[in-house]
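Visitor: turn this into a model:
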Amino acid sequence: MSQAIRKSSKTTRPSTMGIQRDWYILDASKEPLGRLAVKAADLLAGKNRADYAPDVDMGAVVVVINAEKCVLTGKKSERKNYFRHSGTPGGLTITSFPEQIAKDATKPVYWAVKKMLPRNRQTDNRANNRLHVIIGDKHEFSQTMKPAN
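Guide: Numbering: from 1, shown residues only. I've put the predicted structure just below:
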């Protein structure tokens, strides 16, 4: 009787040890806010990498420039509102999209990207530490940056 020869195969798992994070630059003036947020969220989560694993934080650093020039399609720019509540009765604050752009143009881009990230332990690290939203096209990041397609 012949025995089948067993080959040992190892499954490799990605690790964050010694990871070199890529830097990407996205221009908010070139596409609608939702499409920009999807690209940024995918890069932050690391879904563009061949060794992607949902439980390992392998994402890139994303810099979004020209945040004040972000656009919404259709009548969304007139109808979109941002809601906050203080927790007290009557504490609802509603801010329209044009008011929010005038007050702080980085917030709509930041909120759109953060809400497209998966809700887990890595969300705050990705959104707060590796997402940089900048007004204008001048930034202080001198890393070798790649334009994201």
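Visitor: hmm, residue 24 is touching residue 64, no?
Guide: No: Residue 24 lies out of contact with residue 64 (Cβ atoms under 8 Å); the separation is 9.4 Å. Heads up, the C-betas are built off the backbone N, CA and C, glycines and all.
Visitor: which parts of this protein are helices?
Guide: 33-45, 76-79, 97-103, 106-116, 123-124 (DSSP state H).
Visitor: give the contact list for the spatially most central residue of the chain.
Guide: Per Cα atoms, centre = their mean, the C-alpha nearest to the average position across the chain is that of residue 41, at 3.3 Å. Neighbouring residues of residue 41 by Cβ atoms under 8 Å, 6 or more residues apart in numbering: 113, 116-117.
Visitor: strands of the protein, residue ranges please.
Guide: Using DSSP state E, the strands of the chain run over 23-27, 61-65, 81-85, 92-96, 131-133, 145-147.
Visitor: now the first one: mean pLDDT?
Guide: Put plainly, it is strand 23-27. Averaging pLDDT along strand 23-27 gives 94.
Visitor: between helix 33-45 and that strand, find me the angle.
Guide: 180 degrees (axes from the mean of the first three to the mean of the last three Cα atoms, to 10 degrees).
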